[in-house]
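A.B. asks: okay, here's the prediction I keep looking at, along with the sequence it came from:
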Amino acid sequence: MKKLFAFPNPVNDAAARSVALGVVLMSVLSLVTGWSWMLIPLTYGFIARVATGPTLSPLGQFATRVSGPRLVSWQKFVPGPPKRFAQGIGAVLTISASLTWLSVGWSAARWFLAPLIVAASLEGFLGFCLGCTLFGWLIRWGLVPETICEECGDLSKRYAAAGYPLKSDS
């Protein structure tokens, strides 16, 4: 049972970006078509990925077994805890959207998809994980123990490795 509810660490970034692109596709499709029922697989997927990583998520399985391994130029391994945190943010947004849809209606619920689409697009298209960045900030501010992800406390190394220009703190 413990193995079922484990989140991978490290995470293949190609698989994470594939999941993000799937989230963008499903979210945009639901907004364009008005298919509010798409909130059901979106919400389930985020809850499943927070709880078990890709194990119980159909999109996670597709990303780890099919699309991720084929994206050779995106292959690198990144820390798992920030990715789980990012999936948790997605879960909060999709649960909120689902509850709003059921209680108020689609016209109000669809607004929860906008931040989801922005964050998933940054991850999927650019490889910039907004949730991971927030996780690093929480560690630096002392709100999350650094022992959870020691690599995450110093974001400058990760940004430098990704080729982002850094400003000096001096």
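C.D. replies: Received it, and whenever you're ready, just let me know what you need.
A.B. asks: please, where are all the strands along this protein?
C.D. replies: Taking DSSP state E as the test, the strands found in the chain are 11-12, 77-78.
A.B. asks: do you know which of those lies nearest Leu93?
C.D. replies: strand 11-12 (20.0 Å; C-beta to C-beta). C-beta here means a position set from N, CA and C on the backbone, and glycine is covered the same way.
A.B. asks: quick one: mean pLDDT over the closest one.
C.D. replies: Average pLDDT, strand 11-12: 88.
A.B. asks: one step back: and among the strands of the chain, the most buried is which?
C.D. replies: Sort the strands of the chain by mean neighbour count, taking mean count of other C-beta atoms under 10 Å, and strand 11-12 sits at the top with a mean of 22.
A.B. asks: need the contact partners of that one.
C.D. replies: Residues outside strand 11-12 that contact it (C-beta atoms under 8 Å, 6 or more residues apart in numbering) are Gly53, Thr64, Gly68, Gln75, Lys76, Phe77, Val78, Pro79, Gly80, Lys83.
A.B. asks: the closest residue in space to the last one that isn't next to it in sequence bridge partners, please.
C.D. replies: Looking back up the chat, that one is Lys83. Spatial nearest neighbour of Lys83, excluding adjacent residues (C-beta to C-beta, 6 or more residues apart in numbering): Val11 at 4.8 Å. Bridge pairing for Val11 (DSSP bridges) gives the partners Val78.
A.B. asks: before we move on, the earlier item: need the strands of the chain in TSV with distance to Phe125, can you?
C.D. replies: Shown next, in TSV, are the strands of the chain (distance: least, C-beta to C-beta, whole Å):
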stretch	distance to Phe125
strand 11-12	17
strand 77-78	16
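A.B. asks: output the lowest mean pLDDT helix or strand found in the protein.
C.D. replies: helix 155-162 (a mean of 59; mean pLDDT, DSSP states H and E).
A.B. asks: list the buried residues in the longest helix belonging to the chain.
C.D. replies: When the chain is parsed with DSSP state H, its longest helix is helix 80-103. Neighbour-count burial for helix 80-103, counted by 16 or more other C-beta atoms under 10 Å, picks out 80-91, 93-95, 97-98, 100-101.
A.B. asks: again, but for stretch 55-66
C.D. replies: Thr55, Leu56, Ser57, Leu59, Gly60, Phe62, Ala63, Thr64.
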